[in-house]
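**Student:** missing the sequence, but the structure's below:
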Ligand SMILES: Nc1ncnc2c1ncn2[C@@H]1O[C@H](COP(=O)(O)OP(=O)(O)O)[C@@H](O)[C@H]1O
Ligand SMILES: Nc1ncnc2c1ncn2[C@@H]1O[C@H](COP(=O)(O)OP(=O)(O)O)[C@@H](O)[C@H]1O
Ligand SMILES: Nc1ncnc2c1ncn2[C@@H]1O[C@H](COP(=O)(O)OP(=O)(O)O)[C@@H](O)[C@H]1O
């Protein structure tokens, strides 16, 4: 309620206008103070009328400048807070449902609980240290510790986003830090100890996510598009979020090994309906994820929003077509999986590409991820249970590369107005920068994840006992059941 | 991330203020450039001090003008992007769940898949041609082809919405184009071929939706409220969205015939719980649908938002009351159906009527649609399976007419400040314009739909085989099951 | 669509700038009128050039002032409309699912219907009288009747929120009035007559909610933080929403008595999955609840948003830890219950405390509510079926007190810039004001609720018959089933 | 007393039930089931993995009847449940030694 | 060996189970069921369409017991499951020829 | 004809079904069930309230077979369903007097 005072003051400033009746009823507050301002001037009436009027104007203009900045902040901040909420919606309930529906009934709560745990644990970790490591000023690879416990993370704008409070930027980025590890959980579904999962994720956030985020988005980061040694363009986290999580997913799937009975036993999704709800919420939330990455509510946000939607739609069609041809029927699970794949692939490109290019990227990503999930996975026979790698690793990689192909300076002059950005604009070199970004993400993720897995495995152990796995994670890890069978 | 540069520039402009310390920390960026601007002036110091100060002021004011426009865009665009996301939320998961819960278990995925398919297919079609047909400049009945492949649909504002990027308008309108055909699917639930549904919808979007949208909202449209031959007021699509979909639904229900066993066999909703979730999401998303139709975040958006909420609430009560009296018990399905009916009826009126008028409209619509669904349907005995006509056709029609009754210039001076708008304001003629709009919507929808049905029926066929219908769409059309019975 | 005209006018004003080509294409509309404005000046060219330029400037500045106010409104209104939608999302489907999942299958619709009924009934009641009672000008305890039927509640801003339309404020507050009684329904789940519930809630909204809201937030309210006799700080409704609903819940649970078979019979939640979805939507929606309470989109909104998120996360951990220690396993239901408890506790504090303080409050609230729900409840043996008191009553109370402890003037100078606000800042007295607020909420709620219960009980009766209770509310009250068992 | 167990197509449940009630067989108990037999199943695909589902939804209707009306009941079920296509199901008949009504401890045919 | 099938009210399941365990009848199998009988059903309305539901939720408890304790088990069920109102359900008893414990191939009463 | 009822672990259903089909036992009906027996259950906590769940998920496989292949079928089930741990389940065998194929009224073993 207290914002009143602040707003009233603003009212004053705006009100200081002689002739014109202030619009939308700020009048009330305005009139009186207007007097107060004008009064003093009246006294020294020896000064020329012109001079007075100029002086008055200067006062007003000065006041307006502040008022404009405030208005700008309100608009941008309104969108960024909305976006932050949307990105949280992606993890809970979005991803939790998408994954929860794909596992067997006995593991639904265990699956959803892993996403929810990220919402809680990564948040505290962010306040303690990971925000500082990711966005605090440090070297080219990782941030410093100056912002531990959110020290110095206030409400003034920052170079990261000059029109919104730094805390808005901080909490918005936090939502990314939450969903990224949550994505990995799809790979080791139905067989990992909850305690081990927690320890693994905490270490992963520190060792893998923070440095990667810093390199791509942090001040002075190695891959920072504006200042980095290898300017890799990644609008909303194709490398930081999807390649890292996808590749780490593959590693965990390989390290933990298959679920008991896989692939002999049937392990259908227990509720494609739940997954459907989750996928739709992911789609909607992704608008905050991509368009929000403009860190403002202007034309760039619009461009990213549009690319996101068209990319998702095209990929849903790409996957469904491939499936229709191969299996004779397009499935609902296929369509939603395709949409997610498209959202993944368009993530780095949104904010850089035109709607038609987004459609192209989507079509490619949809078909490509279908191929990865359906063919490649069965060739190698690893049990990436919910295809975290097949969708996010593969989709993120292809997306990051295609971004280098389609990026256009007209949409986002990241290298300066009119300077060729993507390969199609003649900046052939960019494909290498993109490849570099992807390579680093792959390297860091695989090495980091492997090391963490080893440590956790040797200390508290990664996998539940065979009996617990048969019983299901809901009962063995959480002492609950997802659905009460009787009454 | 790159929006930084843009914002920094803005910082400069704003910063050009001698005396006053700029607020919210733009300072940093501001100071230096301020110099750059002032510098030149200093040189020709022979000019009178006053002139200098005036010149400086003019520069600043000019700069501010741009800054204000940018701020205005941020505010409006923030709301419009949010609204676009909300309208997509209405289709997926909103409508998909509302409908999915009402069918039998064996058809739940098939039902939801139809809504999801619209999210994908209509989106691509929009990029290719339907946006151009609906909003491109053309004649009074349909737009041209100049904007095919979104050619010329950029990030600058347009006459459609002078404060937001045209692409925002385009993607926002796309969300309407998605949900409209999705609404029809309720009429032929549980018996239409997926492939036939796709072809039907693509043709329908071209033949029925695009012209209707152009006539009501397009530049030079026949029914355009500001410029049209018959100025029909339809704020958010009562005719364009609900009458067209509702009437087409009726036609398809009649053409396809009843489901096997209807009405003898019991065909209860398999999960009113899913429908409940869907209805609530529809309600929430509808704020984007109606308030977003203000195409800005000002007072008009507020008025539409409020009318939407009160209309929905009143209709929920209207339907429940009717049901309570008739069946002795108010049902949950009844309450949510009533709310949806109210949202439909208030759609054209929102942005034109007062909260109390919205309540009146809601109460009428709730009771009326109950009557249509419960009595009229059984009289004629058609199998409008999920009452797409009973709710959207009936609700849309009554809503469009009541809009002509209650519209008030004080809320929306569509015909000019203080000019009588609705019948209650003395503009009796308006009821005819409304009737004209409704009549055209009915005519176009029935003829267009019938023609399309005939074509599709004769070519690939509309209905699944009897065996497939018994087995359910999930298995026969998509090779999946919504719920895995065991483990 | 009509907002066009308004915007075009704005275009004109902005366009009236000689030298500078107006940005973002308002140009079109701008040029011509620009002429019209300039023209007259040209005529009387005898006036000194300077004077002319000054006059022109004054015109422009005047125009800009209005334009700035409009831009400010768009930004703030965009966020407030979004927030209103988010708060409605909390009740439906959020709370409805959270509660619906916790009851037995046979009561799921009955449970969800109670929340939905609030969305409908409280809305109409709000238009008729309760808005006026809560926010109309009256005495220190309750508002007047001047605003009945929303008389005088228009689209201009108000002292409550000088930058947004009053109707935005009205509908936003309505969403609070809806969820508050809905929270109570958790206490008497599975055994109250639907009709009795309706009557009870209508009376409760008038007798308990309206006065409490007026006292804390209304102009001249007894506990109003800026003007009240006992300035109690409650940013988003810790006392108004959670203490009142929680305490009333306890009273109803005690008055109605236990469910048949409680606690002997097993009454597990029929679907923790539904509750999980609900809890996540509550979390997301709560951003609108708390950050929206800034009534603007500036830094205060950000601060509240951040505190909300960190508080929820910390409480989820607090509860889970307690549970892990006590039961040996952290449950999914425990984690989500903890998050909700944290959201409750941070409600009054958000907008007053730092992120780290929010974490502290969350951890305390999580553990404390676990203790209330698990230990205290079983000690006293009342059947607060879904722990409405244990979570909202307990959480709201502790939250309100901790707010007095951690509130910081730097974040929200409610008592004036730099004036000590919370106990930790040296304003020891504040804890008493908080206690006063809590005490009044407890008193009013218990007395009011008890009186209402007595009246309703003696007139139409509160509880369903034993047979109806065994059969379940879905069938007995609404003649439906939540899930169709067969086909 | 005979116990008649009929495994039928779910879509035929209402018809069978009504037909039985018509001939005075009030009491019956219905169970959801999955059946395997001659009727061939279908294939499902999830993320490209193929599942051949040969367990099809069926409904099992159990009723205990007096010996004399057993055959009548069977005939009724046969006519009501038959579609003539593979998968219509089976009827099994077994002897029941005792039937008791829980409500009032009545035993024997009177309890049915 | 006797097979006792008890169709009871769902709300009585726990009571019956505990009572049986008390008298040493450990092994039993429970099935969800729907019942039709004297107990009258209810009407449901969906969008005004009336559905008279005469299949009510029941639970079926099956146990195979040695002949000598069969009667005792039956009595236990009767007392535990009875509410005295229509719909309490039935108990059916049939002869079982063989029982085998899968775990170790034990056969006969010892397998129960 | 014999009716074989096998109560097994849900995870063993596919194995059992395939094994039976292998030896030519096509027809069977499967029911979801909950079992109580020696196998100890588990505790669940909801909001601190403790629920000791001793009804564990099982699957009941019913098939009616000709007398001569009954033993073979039983053996097949035993080997396919056995894990050797408590809770593997039971097999019960009862005599069936009549079997009828609804589709064509065939009766007796030919109907199986
Ligand atoms: N021998 C059997 N024992 C138990 N159930 C059987 C047996 N044979 C068939 N069934 C049940 O009857 C159903 C139909 O049998 P099926 O052979 O598919 O068609 P039909 O009865 O027309 O020959 C099966 O799905 C199964 O549930
Ligand atoms: N002849 C029967 N065969 C099988 N089940 C029966 C039979 N009669 C009743 N039942 C079962 O017992 C339940 C209770 O029977 P009902 O006649 O309703 O009440 P009561 O047992 O008190 O007479 C029924 O719902 C049905 O499930
Ligand atoms: N006497 C019985 N009658 C019916 N079902 C039984 C009986 N005994 C056991 N069962 C079923 O067999 C399952 C396994 O029995 P249990 O005693 O737990 O293990 P085991 O079969 O290895 O001794 C039980 O869960 C129950 O479903």
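**Tutor:** Okay, I see it. Only a predicted model underlies this, so the values are computations on that prediction, with no experimental measurement involved. Ligands and ions are numbered 1, 2, ... in the order given.
**Student:** could you use CA atoms for every contact and neighbour count after this?
**Tutor:** Fine.
**Student:** where are the low-confidence patches of chain D?
**Tutor:** In the predicted model of chain D, no residue satisfies pLDDT under 70.
**Student:** how about the residues of it by chain B?
**Tutor:** Taking C-alpha under 8 Å from any C-alpha of the partner chain as the criterion, the neighbours of chain B within chain D are D:14, D:43-46.
**Student:** of those, which belong to helices?
**Tutor:** residue D:14 (DSSP state H).
**Student:** which of the residues of chain D next to chain B lies closest to residue A:376?
**Tutor:** Set against residue A:376, the nearest of the residues of chain D next to chain B by C-alpha to C-alpha is residue D:46 (15.2 Å).
**Student:** surely the closest one touches residue A:332?
**Tutor:** No. Applying C-alpha atoms under 8 Å, one finds residue D:46 not in contact with residue A:332, separated by 9.3 Å.
**Student:** quick check: the residue in the stretch 1-150 of chain A that ligand 2 sits nearest to vs residue A:482, distance?
**Tutor:** Nearest residue of the stretch 1-150 of chain A to ligand 2: residue A:105, at 28.3 Å (C-alpha to the nearest ligand atom). Separation of residue A:105 from residue A:482 (C-alpha to C-alpha, to the nearest Å) stands at 7 Å.
**Student:** let me see the contact set for the residue nearest to residue A:463 when sequence neighbours are not counted.
**Tutor:** Nearest residue to residue A:463 in three dimensions, chain neighbours excluded: residue A:192, at 4.5 Å (C-alpha to C-alpha, 6 or more residues apart in numbering or on different chains). Contacts for residue A:192 (C-alpha atoms under 8 Å, 6 or more residues apart in numbering or on different chains) come out as A:462-464.
**Student:** next one: residue A:136
**Tutor:** Contacts of residue A:136 (C-alpha under 8 Å, 6+ apart): A:143-147, A:218-219.
**Student:** most surrounded residue in those residues?
**Tutor:** residue A:218 (28 neighbours; other C-alpha atoms under 10 Å in any protein chain shown).
**Student:** backbone dihedrals for that residue, please?
**Tutor:** phi -70, psi 160 (degrees, to the nearest 10).
**Student:** how are the strands of chain D distributed by residue range?
**Tutor:** D:2-8, D:28-36, D:42-46, D:49-53, D:56-65, D:90-95, D:98-101 (DSSP state E).
**Student:** ok, now which ones touch residue 54?
**Tutor:** All of this is about chain A. B:50, B:53-54, C:54.
**Student:** please go with chain D instead
**Tutor:** D:35-36, D:40-42.
**Student:** quick one: the residue nearest to residue A:215 when sequence neighbours are not counted from residue A:149, how far?
**Tutor:** Nearest residue to residue A:215, sequence neighbours excluded (C-alpha to C-alpha, 6+ apart): residue A:221, at 3.9 Å. Per C-alpha to C-alpha, residue A:221 is found 22 Å from residue A:149.
**Student:** ok, the two, which is more surrounded?
**Tutor:** Per other C-alpha under 10 Å, whichever of residue A:221 and residue A:149 has more neighbours is residue A:221, with 29 against 19.
**Student:** need the contact list for that one.
**Tutor:** Residue A:221 makes contacts with A:139-142, A:214-215, A:227-229, as judged by C-alpha under 8 Å, 6+ apart.
**Student:** of those, which belong to helices?
**Tutor:** A:214-215.
**Student:** and the contacts of residue A:221 as TSV, adding neighbour count and pLDDT?
**Tutor:** As requested, these are exported to TSV (neighbours: other C-alpha atoms under 10 Å in any protein chain shown; pLDDT from 0 to 100):
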residue	neighbour count	pLDDT
A:139	15	95
A:140	19	96
A:141	19	97
A:142	25	97
A:214	29	97
A:215	31	97
A:227	17	88
A:228	18	91
A:229	15	94
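**Student:** so which of the contacts of residue A:221 is the closest to chain F?
**Tutor:** Distance to chain F across the contacts of residue A:221 (C-alpha to the nearest C-alpha) is lowest for residue A:214, with 40.8 Å.
**Student:** can you pull the contacts of the closest one?
**Tutor:** A:133-135, A:140-143, A:221.
**Student:** likewise residue A:366?
**Tutor:** A:314-319, A:338-339, A:341-342.
**Student:** pLDDT wise, what is residue A:29 at?
**Tutor:** Residue A:29 carries a pLDDT score of 35 in this model.
**Student:** which residues sit against stretch A:99-106?
**Tutor:** A:107-109, A:111-112, A:186, A:189-190, A:267-275, A:278, A:386, A:471-475, A:481-482, B:487.
**Student:** 7 Å instead, please
**Tutor:** The contact list for stretch A:99-106 (C-alpha atoms under 7 Å, 6 or more residues apart in numbering or on different chains) reads A:108, A:111-112, A:186, A:267-272, A:274-275, A:386, A:472-474, B:487.
**Student:** please list which of those are also close to chain D.
**Tutor:** residue A:268 (C-alpha under 7 Å from any C-alpha of the partner chain).
**Student:** which ones among the contacts of stretch A:99-106 are found in helices?
**Tutor:** Judged by DSSP H, the subset of the contacts of stretch A:99-106 located in helices is A:108, A:111-112, A:272, A:274-275, A:473-474.
**Student:** as a markdown table, the residues you listed with pLDDT, neighbour count and distance to chain C would be great.
**Tutor:** Formatted as a markdown table, the ones in helices among the contacts of stretch A:99-106 follow (pLDDT from 0 to 100; neighbours: other C-alpha atoms under 10 Å in any protein chain shown; distance: C-alpha to the nearest C-alpha, whole Å):
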| residue | pLDDT | neighbour count | distance to chain C |
| --- | --- | --- | --- |
| A:108 | 97 | 29 | 8 |
| A:111 | 98 | 32 | 10 |
| A:112 | 98 | 28 | 8 |
| A:272 | 97 | 28 | 14 |
| A:274 | 98 | 21 | 9 |
| A:275 | 98 | 27 | 12 |
| A:473 | 97 | 27 | 11 |
| A:474 | 96 | 26 | 9 |
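**Student:** against chain D, how distant is the residue in the stretch 101-250 of chain A that chain F sits nearest to?
**Tutor:** Nearest to chain F, among the residues of the stretch 101-250 of chain A, is residue A:106, at 10.5 Å (C-alpha to the nearest C-alpha). From residue A:106 over to chain D the distance is 19 Å, taken as C-alpha to the nearest C-alpha, to the nearest Å.
**Student:** phi, psi of that residue?
**Tutor:** phi -70, psi -10.
**Student:** so which bits of chain D are right by chain F?
**Tutor:** Contact residues (C-alpha under 7 Å from any C-alpha) of chain D with chain F: D:32-38, D:78, D:82-86, D:88-94.
**Student:** let's go with 6 Å and repeat that
**Tutor:** By C-alpha under 6 Å from any C-alpha of the partner chain, the part of chain D that sits against chain F consists of D:33-37, D:78, D:82, D:84, D:88-94.
**Student:** widest-spaced pair of those residues?
**Tutor:** Using C-alpha to C-alpha, these span at most 24.8 Å, a distance reached by D:84 and D:94.
**Student:** tell me which of these two has more neighbours.
**Tutor:** For residue D:84 versus residue D:94, neighbours defined as other C-alpha under 10 Å are more numerous around residue D:94 (20 against 10).
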